[in-house]
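Asks: Okay, sequence plus prediction incoming.
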There are 2 protein chains.
Amino acid sequence: MQYETKQRSILKAISWRTWATITTAVIVFIFTGEFALAITVGLFEVIAKMGLYFFHERLWQKIRFGKKEVPSFVLWFTGLPCSGKKAVADKVYQELLKDHLKVERLDSNDVRPLFPETGFAPEEVNLHVKRAGHLCAMLQKNGVIVVASFVSPYAQSRNFARSVANNFVEVYMKSTVEACEKRDEKGHYAKARRGDYQHFPGVDAAYDVPEQAEITVDVDHVSTENAVKQITDYLRKNFLKNS
Amino acid sequence: MQYETKQRSILKAISWRTWATITTAVIVFIFTGEFALAITVGLFEVIAKMGLYFFHERLWQKIRFGKKEVPSFVLWFTGLPCSGKKAVADKVYQELLKDHLKVERLDSNDVRPLFPETGFAPEEVNLHVKRAGHLCAMLQKNGVIVVASFVSPYAQSRNFARSVANNFVEVYMKSTVEACEKRDEKGHYAKARRGDYQHFPGVDAAYDVPEQAEITVDVDHVSTENAVKQITDYLRKNFLKNS
């Protein structure tokens, strides 16, 4: 929850008084034509109203009417391994931070160490993604914007994550297996093809294409910069109008 | 993040103008003795400054100086089973909600279903409590106050939870095994004594008494009401002075 310091109220009082007293003096001068009177009234007003303004500000701090929270949401990136989720999500996160919003960044790589026993078989991945969904929802419901990136290949657990959060925005990073494999600098696809990895989406496990993604990024034909713009434009239009 | 609606700015303009224009009219009357002039200046001021005030408010919405967040913290209840953690934590949570603060309530019973494979052997309990600690820290770092209640019998994982959060407030619910057993309506202690449960703190597993608890509640000699007061007094003094 936010509050405003006394220093802020003092500065607002001075800022307001500067404009307002000039206006008063001008009005008095227009109606009387007396320059000295306009100045005298102005001077007394400065003293009387600066204090009044300060107390008015402090009083309004206690009144909740018209104070709103910027709506929070879960921005959930899904896509094949090496489809560029992390890179785009990181940049969107940085953009949101610039607006002084409360944002948490969750990447599969950060969350997995918390559950070291979780494997990659479909039922384990579903459990992992559901936990991540719970975590996102808990943050979102407390006013925190979440930028999450998980391969999250199965519709079942993605839809669960959608169902527990409010304002769930699914970003499908659409790319072919071939394009992802070319992008793969760490050789994960090669390892999966050799059989070193099992249950690798796109190789020996399914990737369920999202059917209701709010945003689809055509990764193979769009620059990272334009992908970020596509997403932030959507967010500004739907959630961040007032901030 | 909070913002203020236009309606709030309009209402503040009207509220301010009422007081301020009366002050102007009084000042003009004092210096001129002319009642009609005081009223005329006042009327023109109402029109000119209501708009000016509105734009002044909207401008200050964009200025961040002097806007602060109420500090968030993790209030972590630890104690033997049936030491009354949940009851007191629930009431403290309700008290904090009354102040319009952002608060999340985490009880062991709510968190365990997320990790259904977690057992009760000491190493599993430590892992569970560490995860809970991570979750608390993530919420706390995003400005959410967390009221957590876990038996959390082992110093190792409690200290881990302390180390990852800022503003960690440990509440030790101090009670003897005998008193807890008397309080136990569900027969958990009896089951542990019969051997139906294993690793039950206070029966066949250790409970490490906290050595650095910020608050110790003498459960066996204090009413729930007074325990809640002891805790909320501490929080108001240390974190909630400005809210």
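Replies: Done, it's in. Given the structure is predicted, the values throughout are model-derived calculations rather than measurements.
Asks: OK, contacts around residue A:80?
Replies: Shown in contact with residue A:80 (Cβ atoms under 8 Å, 6 or more residues apart in numbering or on different chains): A:151, A:153, A:173, A:175, A:177, A:180, A:201, A:202, A:207. Placement of C-beta: from N, CA and C, glycine included.
Asks: my bad, residue A:128
Replies: When contacts are counted by Cβ under 8 Å, 6+ apart, residue A:128 touches A:111, A:112, A:115, A:118, A:157.
Asks: By neighbours, which of the contacts of residue A:80 wins?
Replies: residue A:173 (28 neighbours; other Cβ atoms under 10 Å in any protein chain shown).
Asks: Bridged to it, which residues?
Replies: Taking DSSP bridges as the rule, residue A:173 bridges to residue A:217.
Asks: Can you pull out the low-pLDDT segments for chain A?
Replies: Counting by pLDDT under 70, chain A shows low-confidence ranges at A:1, A:116-117, A:242-243.
Asks: Got phi/psi on the residue nearest the centre of it?
Replies: Nearest to the mean C-alpha position of chain A, counting by Cα atoms, centre = their mean, stands residue A:145 at 4.2 Å. Main-chain torsions, residue A:145, degrees, to the nearest 10: phi -80, psi 140.
Asks: ok, back up a step: how about TSV for the contacts of residue A:80, with secondary structure added?
Replies: Putting those into TSV (DSSP: H, G, I helix; E, B strand; the rest coil) gives the following:
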residue	secondary structure
A:151	coil
A:153	coil
A:173	strand
A:175	coil
A:177	helix
A:180	helix
A:201	strand
A:202	coil
A:207	coil
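Asks: Just the closest of the residues you listed to residue B:34, please.
Replies: Nearest to residue B:34 out of these is residue A:173 (Cβ to Cβ; 74.2 Å).
Asks: Just to check, that closest one is in contact with residue A:219?
Replies: Yes: applying Cβ atoms under 8 Å, one finds residue A:173 in contact with residue A:219, separated by 5.2 Å.
Asks: Which residue ranges of chain A form helices?
Replies: Using DSSP state H, the helices assigned to chain A run over residues A:6-32, A:35-61, A:85-98, A:108-111, A:122-141, A:155-164, A:177-183, A:188-194, A:224-238.
Asks: in the first one, what's buried?
Replies: Of all the residues in helix A:6-32, those buried under the rule 16 or more other Cβ atoms under 10 Å in any protein chain shown are A:8-9, A:12-13, A:16-17, A:20-21, A:23-25, A:27-29, A:31-32.
Asks: Select, from these, the two members most distant in space.
Replies: A:8 and A:32, at 36.0 Å, using Cβ to Cβ across the buried residues of helix A:6-32.
Asks: list the contacts for the closest residue to residue A:177 other than its chain neighbours?
Replies: Closest residue in space to residue A:177, ignoring its immediate chain neighbours: residue A:202 at 4.3 Å, by Cβ to Cβ, 6 or more residues apart in numbering or on different chains. Counting by Cβ under 8 Å, 6+ apart, residue A:202 touches A:80, A:81, A:177, A:180, A:189.
Asks: Show me which of those is closest to chain B.
Replies: residue A:81 (24.8 Å; Cβ to the nearest Cβ).
Asks: Quick check: the closest one touching residue A:180?
Replies: Yes: with contact defined as Cβ under 8 Å, residue A:81 reaches residue A:180; the gap is 6.4 Å.
Asks: which residues do these two both contact?
Replies: A:189, A:202.
Asks: rewinding a little: please indicate which of the contacts of residue A:128 are buried?
Replies: Buried members of these, scored by 16+ other Cβ under 10 Å, are A:111, A:115, A:118, A:157.
Asks: ok, now which ones touch the third one?
Replies: Neighbouring residues of residue A:118 by Cβ under 8 Å, 6+ apart: A:112, A:124, A:127, A:128.
Asks: Among the residues you listed, list the two that are farthest apart in space.
Replies: Using Cβ to Cβ, the pair of the contacts of residue A:118 lying farthest apart is A:112 and A:127, separated by 12.1 Å.
Asks: Outline the domain layout of chain A.
Replies: A:6-61, A:74-238 (automatic domain parsing).
Asks: residues of stretch A:206-213 that come out buried?
Replies: Within stretch A:206-213, the residues that count as buried by 16+ other Cβ under 10 Å are A:207, A:210, A:213.
Asks: my guess is the last one meets residue A:171, correct?
Replies: Meaning residue A:213. Yes: using Cβ under 8 Å, residue A:213 is in contact with residue A:171, at 6.7 Å.
Asks: and for these two, which residues touch both?
Replies: If you check residue A:213 and residue A:171 against Cβ under 8 Å, 6+ apart, the residues they both contact are residue A:78.
Asks: ok, back up a step: among the contacts of residue A:118, pick out the one closest to chain B, please.
Replies: residue A:127 (8.2 Å).
Asks: now the closest one: how far from residue A:170?
Replies: Separation of residue A:127 from residue A:170 (Cβ to Cβ, to the nearest Å): 20 Å.
Asks: Compile the contacts of residue A:202 into JSON lines and extend it with columns for distance to residue B:97.
Replies: Converted to JSON lines, the contacts of residue A:202 look like this (distance: Cβ to Cβ, whole Å):
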{"residue": "A:80", "distance to residue B:97": "43"}
{"residue": "A:81", "distance to residue B:97": "43"}
{"residue": "A:177", "distance to residue B:97": "49"}
{"residue": "A:180", "distance to residue B:97": "46"}
{"residue": "A:189", "distance to residue B:97": "50"}
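Asks: Please name the bridge partners of residue A:77.
Replies: As for beta bridges, residue A:77 partners with residue A:149, residue A:171 under DSSP bridges.
Asks: count of neighbours near residue A:74?
Replies: 27.
Asks: right, and it touches residue A:140 too?
Replies: Yes: between residue A:74 and residue A:140 there is a contact under Cβ under 8 Å: 5.1 Å.
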